[in-house]
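Student: Pasting the sequence and the predicted model now:
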Amino acid sequence: MSRVGRVERTTKETSVLVEIDLDGTGKVDVSTGVGFYDHMLDQLGRHGLFDLTVKTEGDLHIDSHHTIEDTALALGAAFKQALGDKVGIYRFGNCTVPLDESLAQVTVDLSGRPYLVHTEPENMAPMIGEYDPTMTRHIFESFVAQAQIALHIHVPYGRNAHHIVECQFKALARALRYASERDPRAAGILPSTKGAL
């Protein structure tokens with residue numbers, strides 16, 4: 001069964017198309033107009049082995065906030081759609097990823113309940129190209145709200161803002177991959193004692 005999600009979101013501020021295949025090979029075609037964000041979404045697709053298409057046109061003449069936020073909302077909705085009924089998945093996933101001096105620890109539960117815990121070093125560089133590092137938490141908030149998952153991200157240390165953000169996306173990619181993969185021992189079984197996720 002194909003596990004593909006496709007979401008189109010259009011407002012007066014942005015036009016977003018996201019398509020994700022959870023059982024892909026990591027093929028990525030991303031264009032948001034925010035170079036560093038594209039780089040992070042590329043990490044998400046490649047390290048998660050998700051085939052990911054993202055096409056966003058936003059009001060970048062104002063700033064990148066709406067573009068980044070609306071893309072994350074659409075991505076979360078597409079991920080939820082692709083998960084389907086969640087029967088037979090592992091449900092939980094975690095991964096720790098270093099990037100030079102930085103380290104990210106990510107744990108995810110595809111629980112059907114949105115919750116985010118996010119910690120990272122303060123006082124990072126004010127900008128990475130056209131990307132505001134304070135948007136990183138907001139990306140995850142927006143994604144979690146639509147994907148309806150519990151997500152814990154902890155960066156205990158790091159100095160370089162690029163590395164601090166990138167290792168979070170890489171670890172998230174792997175944690176989502178592990179959680180969404182089908183468990184051969186749980187075919188036909190929903191991983192919940194409540195009978196619903």
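Tutor: That came through, no problem. Since this is a predicted model, take the numbers as computed values, not measurements. Numbers count the residues shown, from 1 in each chain.

Student: Run through the helices of this structure in chain order.
Tutor: For the chain, the helices defined by DSSP state H occupy 35-48, 65-83, 135-147, 161-180.

Student: what comes up buried for the last one?
Tutor: By neighbour count with 16 or more other Cβ atoms under 10 Å, helix 161-180 contains the buried residues 161-180. C-beta coordinates here come from the backbone N, C-alpha and C atoms, glycine included.

Student: Please apply the same query to stretch 104-114.
Tutor: 104-112, 114.

Student: Reformat these as TSV; add distance to residue 26 and pLDDT.
Tutor: Formatted as TSV, those follow (distance: Cβ to Cβ, whole Å; pLDDT from 0 to 100):
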residue	distance to residue 26	pLDDT
104	19	98
105	22	98
106	18	99
107	22	98
108	18	98
109	23	98
110	20	98
111	25	96
112	26	97
114	26	98
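
Student: okay, those in a markdown table with distance to residue 89 next?
Tutor: Supplementary listing: the buried residues of stretch 104-114 in a markdown table, determined by distance: Cβ to Cβ, whole Å:
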| residue | distance to residue 89 |
| --- | --- |
| 104 | 23 |
| 105 | 22 |
| 106 | 17 |
| 107 | 16 |
| 108 | 11 |
| 109 | 11 |
| 110 | 7 |
| 111 | 12 |
| 112 | 12 |
| 114 | 18 |
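
Student: among these, which two are most distant?
Tutor: Across the buried residues of stretch 104-114, the longest distance by Cβ to Cβ is 24.5 Å; it joins 104 and 112.

Student: For stretch 147-154, list the C-alpha coordinates in PDB.
Tutor: Taking C-alpha atoms only, stretch 147-154 is exported to PDB below (Å, rounded to 0.1, in the frame of the first residue of the first chain):
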ATOM      1  CA  ALA A 147       1.400  15.900  12.100                       C
ATOM      2  CA  GLN A 148      -0.100  15.300  15.600                       C
ATOM      3  CA  ILE A 149       3.000  13.700  17.000                       C
ATOM      4  CA  ALA A 150       5.000  14.100  20.200                       C
ATOM      5  CA  LEU A 151       8.500  15.400  19.500                       C
ATOM      6  CA  HIS A 152      11.400  15.900  21.900                       C
ATOM      7  CA  ILE A 153      14.500  17.700  20.600                       C
ATOM      8  CA  HIS A 154      17.500  18.400  22.800                       C
END
